[in-house]
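In: Below are the sequence and a predicted model; questions follow.
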Amino acid sequence: MAILEIDSIQKSFDLKPILSDVYVACHTGEVIGLLGSNGSGKSTLLKIVFGLISAEYKFVRIDNVVKKEPTDLFKEISYLSQDSFIPRSFSVQKAIRLSIEKVKFDSFYADEFIDLIKNKYVKELSGGELRYLEILLVLSNNSKFVLLDEPYTGLSPIMIERVNVLISKASETKGIIVSDHNYRSVVKISSKVVLLKNGKTHLITDKKRLLELGYVSEAGLNLL
């Protein structure tokens with residue numbers, strides 16, 4: 001069992017602290033739900049972990065080995081950003097061919113949603129279709145860990161359910177961190193939930209803590 005540890009992250013913008021006391025541990029076999037209000041720093045944290053932006057201070061460890069350079073992480077961590085990463089001029093088949101191993105093609109194309117779009121170009125896809133394709137590509141590579149930033153954006157309810165099935169299946173061999181404002185879907189799929197508030201992480205061991213920390217209302221809590 002491998003472990004990704006995100007520790008002691010400090011990040012400020014214009015001298016305003018965004019992240020100040022962060023610790024997240026994710027083992028392979030786990031799905032960590034990362035929750036937080038708008039502007040709490042969730043996306044910033046994931047970008048720091050993946051090495052896309054710098055931080056004043058950070059420790060990213062995999063199996064107790066500190067990873068100082070982004071190139072140290074690319075084979076071990078995959079990242080789904082909020083923005084699309086596939087060129088619009090690509091065909092769906094080209095995107096698949098360039099992203100995953102040939103041995104995985106058959107199982108990839110067997111997916112019912114992929115079957116519907118496999119003969120299209122990326123520019124012809126709806127937002128939800130494109131998001132689904134990118135999620136499945138990211139989950140299908142060989143990394144130990146996956147960071148998913150707002151994966152449910154643009155997805156229909158049935159596609160969200162399907163994505164959660166994919167995440168659950170992938171977590172049998174990977175560690176996955178999911179951040180999204182669709183907190184019910186995040187909580188539903190997660191084995192652990194972490195709330196980011198005022199720059200600090202709070203491990204949520206009881207759903208009532210989400211109410212106590214001001215993340216959900218009583219009505220919202222009752223939906224969990």
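Out: Yep, that arrived. Remember, it's a predicted structure, so these values are computed and weren't measured experimentally. Numbers count the residues shown, from 1 in each chain.

In: how about the strands in this protein?
Out: Counting by DSSP state E, the chain has strands at residues 3-13, 16-19, 23-27, 31-35, 57-62, 65-66, 77-80, 145-149, 175-179, 192-197, 200-204.

In: Packed most tightly, which of those would that be?
Out: strand 175-179 (a mean of 26; mean count of other Cβ atoms under 10 Å). Bear in mind the C-beta positions are built from the backbone N, C-alpha and C, glycine included.

In: elements contacting it?
Out: When contacts are defined as 3 or more Cβ pairs under 8 Å, 6 or more residues apart in numbering; DSSP states H and E, strand 175-179 sits against strand 23-27, strand 31-35, helix 42-50, strand 145-149, helix 157-170, helix 183-189.

In: roughly how far is it from the heart of the chain?
Out: 4 Å (Cα atoms, centre = their mean, to the nearest Å).

In: so it versus strand 145-149, what angle?
Out: 10 degrees (axes from the mean of the first three to the mean of the last three Cα atoms, to 10 degrees).

In: out of the helices and strands packed on strand 175-179, nearest to R61?
Out: strand 23-27 (9.3 Å; Cβ to Cβ).

In: What strands line up against the closest one, and which way round?
Out: strand 3-13 (antiparallel) (DSSP bridges).

In: what sits up against the partner strand?
Out: 17-20, 22-28, 41, 44-45, 48-49, 53, 55-64, 77, 144-145, 175 (Cβ atoms under 8 Å, 6 or more residues apart in numbering).

In: can you give me the angle that strand makes with strand 31-35?
Out: 20 degrees.

In: need the contact list for the residue nearest to the spatial centre of the chain.
Out: Most central in the chain under Cα atoms, centre = their mean is L148, positioned 1.4 Å from the mean C-alpha point. Going by Cβ under 8 Å, 6+ apart, L148 touches 80, 135, 138, 167, 176-180.

In: Return the member of these nearest to L155.
Out: I135 (8.7 Å).

In: burial count for the closest one?
Out: 22 (other Cβ atoms under 10 Å).

In: My guess is it contacts R162. True?
Out: No: contact criterion Cβ atoms under 8 Å: I135 and R162 do not qualify, at 9.6 Å.

In: TSV for the helices and strands packed on strand 175-179, including mean pLDDT?
Out: Converted to TSV, the helices and strands packed on strand 175-179 look like this (pLDDT from 0 to 100):
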stretch	mean pLDDT
strand 23-27	97
strand 31-35	98
helix 42-50	96
strand 145-149	98
helix 157-170	97
helix 183-189	96
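
In: want to throw those into JSON lines with distance to K207?
Out: Formatted as JSON lines, these follow (distance: least, Cβ to Cβ, whole Å):
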{"stretch": "strand 23-27", "distance to K207": "19"}
{"stretch": "strand 31-35", "distance to K207": "11"}
{"stretch": "helix 42-50", "distance to K207": "19"}
{"stretch": "strand 145-149", "distance to K207": "21"}
{"stretch": "helix 157-170", "distance to K207": "18"}
{"stretch": "helix 183-189", "distance to K207": "7"}
